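Participant: Got a predicted structure plus its sequence, pasted below:
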Amino acid sequence: MYIDYFKLKEHPFQITPDSDFLYMSAAHSRAKAYMDYSIRNRDGFVIITGEVGAGKTTLIRKLLSEFDDNVVVAKIFQTQLDEIQFLQAVLVEFGLNPFNAGKVELMDMLSSFLVESFVNRKQLVLIVDEAQNLNRRVLEEIRMLSGLETQKQKILHVILVGQPELNETLDAPGLEQLTQRVRLRFHIAALTEAEAADYIYHRLRVAGAKDAESLFSRDAIPLIYEYTGGIPRLINTLCDTALTCAFADDARLIDESMVKSAVLELQWKPFNSRSRQAARVQPIPPAISALASLGVADVEQLSQALAAIEPRLDGIETLLRTMVTILQRRNRISLRLGEHQVTQILKQVSAELGKLQAHHEA
């Protein structure tokens, strides 16, 4: 719509991943270096995490574009699979026909392929995007596949890429054997305000802008950062909307007022006021909610109360994390519980945690 109006060659802020537009911030450069290192040195697991829209998938596409013919890659982007479906997806990516085969046959087929490829001096890489959706059984299959090795080298190199929930999953009890295989773990943080400015001008230049700063005013950057928090995908959405607003208003410069118009169009609130973590917070059991609603004086008193039931609970860490989250959301908490009320609430907490543990083990 506005490409010709602004004398651009293509849309500078498209949301779909395009490695040609990849801006290598300090965090992106480090994450890519870790992945390169792991592959070139045949060195085990790498875990890369980042918020939604941080540029993880684009980074993967950039990495893949640089591989030579000696590197054989299986790329998995659909991760809501059971272990059979996952093994089938990996085999399909490696060019095999895994259908109508049982799990034992799938494992044998995959193991044979990996060993044969290694003998032929091929580097084998499994890259899993959106890995936070992997269930424990699939993660266990990945662990077993990663166990294929010679005396000196890994046969299969694994890169798991996902949202921050991936770290929570990997750090959960029962996955120690997997996490011990992790060689490198890195989180891609949001861009700083200075990086956000460089990101915007970089994409404009790639799209054909001869003078990026004459199109996007420096004065507009702080407001863009306020509403995007340095998340690349959000920056793309806001900047694209601002260009559309400018085109509609017959304006040539994206200044602060034009960004405000775009914000109104999108009906956004400032980034820091949005509940970005709400989607990752699990529902709070009724007993814990009841305890929170009655209030506590401070974290120390809460910890003392929880310590009384710790010997009977394997999942006490989960409760503590939940309660800390509750405390962080409250401006002022006071303790008005009698001894009888405390006893009753803690009994309910114990029962709820027992249910959570049983569900988790199931």
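Facilitator: Received the coordinates, thanks.

Participant: Cys109 should be in a strand, yeah?
Facilitator: Slight slip there: residue 109 is Met, not Cys. No: read with DSSP: H, G, I helix; E, B strand; the rest coil, Met109 is helix and lies in no strand.

Participant: Quick check, it in contact with Asn97.
Facilitator: No: judged on C-beta atoms under 8 Å, Met109 makes no contact with Asn97 at a distance of 9.1 Å. Glycine gets a C-beta too; all of them are placed from N, C-alpha and C.

Participant: Now the common contact residues for these two.
Facilitator: Leu91 (C-beta atoms under 8 Å, 6 or more residues apart in numbering).

Participant: The two: which has the busier surroundings?
Facilitator: Met109 (18 against 10; other C-beta atoms under 10 Å).

Participant: Now do the contacts for that one.
Facilitator: Neighbours of Met109 in contact, by C-beta under 8 Å, 6+ apart: Leu91, Leu96, Pro98, Ala101.

Participant: and the two most separated of the residues you listed?
Facilitator: Leu96 and Ala101 (9.8 Å; C-beta to C-beta).

Participant: tell me the domain boundaries of the protein?
Facilitator: 26-188, 193-273, 281-361 (automatic domain parsing).

Participant: Just the terminal-to-terminal distance for the second one.
Facilitator: With C-alpha to C-alpha, to the nearest Å as the measure, the first residue of domain 193-273 is 17 Å from its last.

Participant: I'd like the mean pLDDT over it, please.
Facilitator: The average pLDDT within domain 193-273 is 94.

Participant: Nearest residue to Thr241 in space, please, no chain neighbours.
Facilitator: Ala262 (4.1 Å; C-beta to C-beta, 6 or more residues apart in numbering).

Participant: Now find how far off-centre the strand or helix carrying Ala196 is within its chain.
Facilitator: Taking DSSP states H and E as the criterion, Ala196 maps to helix 193-206. Relative to its parent chain, helix 193-206 has a centroid offset of 22 Å by C-alpha atoms, centre = their mean, to the nearest Å.

Participant: Report the contact partners of Asn272.
Facilitator: Gly229.

Participant: what's the spacing between it and Tyr225?
Facilitator: 11 Å (C-beta to C-beta, to the nearest Å).

Participant: go on, Phe118?
Facilitator: 47 Å.

Participant: Please apply the same query to Gly208.
Facilitator: Taking C-beta to C-beta as the measure, Gly208 falls 24 Å from Tyr225.

Participant: Looking at those two, which is more packed in?
Facilitator: Taking neighbours as other C-beta under 10 Å, Gly208 and Tyr225 compare with Tyr225 leading, 22 against 13.
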